[in-house]
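> here's my sequence, what's the structure:
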Amino acid sequence: MRYILPTIVIAQFFCTSLWFAGNSIIADLGKELELDQGFLAHLTSSIQLGFIAGTLVFAVFTIADRFSPSLVFFLSAIFAGLFNLGITLDGIGPAEILAFRFLTGFFLAGIYPVGMKIASDYYQAGLGKSLGFLVGALVMGTAFPHLLKYLTLGLPWKFVMYGTSVLSLIGGMGIWFFVPDGPFHKSGQGIKLTAFMRGFRNRDFRAFAFGYFGHMWELYAFWAFVPVMLSTYNRSYPELGLNVPLYAFLIIASGAFACILGGVLSQYFGAKKIARLSLLISCICCLVSPIFLLSSSPVLFLTFLFVWGLSVIADSPLFSTLVATHAPAESRGSSLTIVNCIGFSITIVSIQAINLLSSRMGFQYLYLLLAIGPLLGLLALSRSGEASRGRSIANQWSSGPLGDNLGK
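Okay, here's the model as predicted:
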């Protein structure tokens, strides 16, 4: 059991490196194919749309509950990696690039939520902490292509795609060979087309799901536009010459440590309270962004982005924990998947809204729009009837098998 969680975390990191692989090379694609600036939003939205379609299919047909989650993860990792390679084909055009990103996103639906399902099948007592590490792995995976791009400067952009596809294959094999179905895995009985909606009958499940939706409105739009914020700052202060790929990686990757820190704090103060605090801080970042985004001080500018990068993701594993613990046991995988599906649908709206408004309003005021999500999320949390259960869940970390393993 000791190696199970590290294997899941590493596999999640390797496989989710596919997510922003296209974003990290957008400048090269733009030059090679003469793409307009709005293509970044379309590129991000296409993989989000694929993920949404995938999660909807996986949820409706209860795939993660009816079949071996490890097998689903393994096959999804292979197909996602192959479609990720699709954009390296010679003579490819913008439409084909978007199609391949869509298909990559579709099979990421068998990786991210299914990875959480696998963890919940092993660590019911320590679910909060395990999901903290898993979301941290997602954050690192999301940021990694920017680092890979920085490390391969001078090499063709295709090396980023080759590297992330190889990592996906390794991650899928790691789950298949080293992580069998967990002791708490409960197979569903046949196809139940409405099983994924059962969780919404529970008031607390709805409250935490809607809190998660508010968080998602902000999260991926922020991640997608971090390189844009850095590039715009460079144009405003060209003498500074900030390294965009490196700082984009560091800002996004810092969220992995926030996930772990949020988990530790929730052990003492409760998952709901720390999720609410994180959501509040990121909301404040949205509201004060006009002050910092064009600050003449690079230290102030970068510090602000790091604070935002930490707070924007710290609540994610806590929301996933709260949602998972209130989902019906026989459809937990499908419940997590449909919540992911709705959450990622929301990300497309916010990303496209930012893209649409980018030509109609000043850069420094653009991200005020992202405050809508956290504000609505905070309102949803206020309607939750749960007061202490989040803390009791977190306190189980040290008593369950996960806590024992991490302490050794």
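
> what helices or strands is the one helix or strand Thr347 maps to leaning on?
Secondary structure from DSSP states H and E places Thr347 in helix 332-357. With contacts taken as 3 or more C-beta pairs under 8 Å, 6 or more residues apart in numbering; DSSP states H and E, helix 332-357 sits against helix 39-60, helix 63-66, helix 112-122, helix 203-236, helix 316-325. Every residue, glycine included, has its C-beta placed from N, CA and C.

> could you list every helix and strand in contact with the next helix or strand after it?
Using DSSP H and E, the helix or strand that follows helix 332-357 towards the C-terminus is helix 372-382. Packing partners of helix 372-382 (3+ C-beta pairs under 8 Å, 6+ apart): helix 203-236, helix 271-292.

> identify the residues contacting the spatially closest residue to Ser358 that is not a sequence neighbour.
Spatial nearest neighbour of Ser358, excluding adjacent residues (C-beta to C-beta, 6 or more residues apart in numbering): Leu366 at 6.1 Å. Contact partners of Leu366, counting by C-beta atoms under 8 Å, 6 or more residues apart in numbering, are 354, 357-358.

> so how far is Val323 from Leu366?
Using C-beta to C-beta, to the nearest Å, one gets 30 Å for the distance from Leu366 to Val323.

> run the chain-centre distance for stretch 58-78.
Put simply, stretch 58-78 sits 19 Å off its chain's centre (C-alpha atoms, centre = their mean, to the nearest Å).

> one more: stretch 218-227?
Here stretch 218-227 is found 11 Å from its chain centre; the criterion is C-alpha atoms, centre = their mean.

> for stretch 251-269, same thing?
Distance, stretch centre to chain centre, for stretch 251-269: 14 Å (C-alpha atoms, centre = their mean).

> likewise stretch 217-236?
Computed by C-alpha atoms, centre = their mean, the chain-centroid distance of stretch 217-236 equals 16 Å.

> how about stretch 36-48?
On the basis of C-alpha atoms, centre = their mean, stretch 36-48 sits 17 Å off its chain's mean C-alpha point.

> for that stretch, list every residue counted as buried.
Using 16 or more other C-beta atoms under 10 Å as the test for burial, stretch 36-48 gives 39-48.

> before we move on, what about stretch 15-34?
Buried, per 16+ other C-beta under 10 Å, within stretch 15-34: 15-27, 29.

> farthest-separated two in the residues you listed?
Taking C-beta to C-beta, the two most distant members of these are Cys15 and Ala27; they sit 24.6 Å apart.

> which residues of the stretch 1-150 of the chain score low on pLDDT?
1, 124-129 (pLDDT under 70).

> now the helices: where do they sit in the stretch 51-200 of the chain?
For the stretch 51-200 of the chain, helices defined by DSSP state H, counting those that start in this stretch occupy the ranges 63-66, 69-85, 94-108, 112-122, 127-151, 158-178.

> any idea which of those gets closest to Ser278?
Smallest distance to Ser278 across these (C-beta to C-beta): 11.9 Å, for helix 127-151.

> got the buried residues for that closest one?
Applying a neighbour-count criterion of 16+ other C-beta under 10 Å, one finds 127-150 buried in helix 127-151.

> now the residue nearest to Gly54 when sequence neighbours are not counted: phi and psi?
Distances taken as C-beta to C-beta, 6+ apart put Ala109 closest to Gly54, at 2.8 Å, once the chain neighbours are dropped. Dihedral angles phi and psi of Ala109 (degrees, to the nearest 10) take the values phi -70, psi -20.

> and Ala109, how far from Trp19?
The spacing between Ala109 and Trp19, counted by C-beta to C-beta, is 12 Å.

> now swap in Phe306 and tell me
With distances taken as C-beta to C-beta, Phe306 is found 21 Å from Trp19.

> how close does Tyr3 get to Ile274?
Applying C-beta to C-beta, the value for Tyr3 to Ile274 is 28 Å.

> my bad, should have said Val307
Going from Val307 to Ile274 by C-beta to C-beta gives 16 Å.
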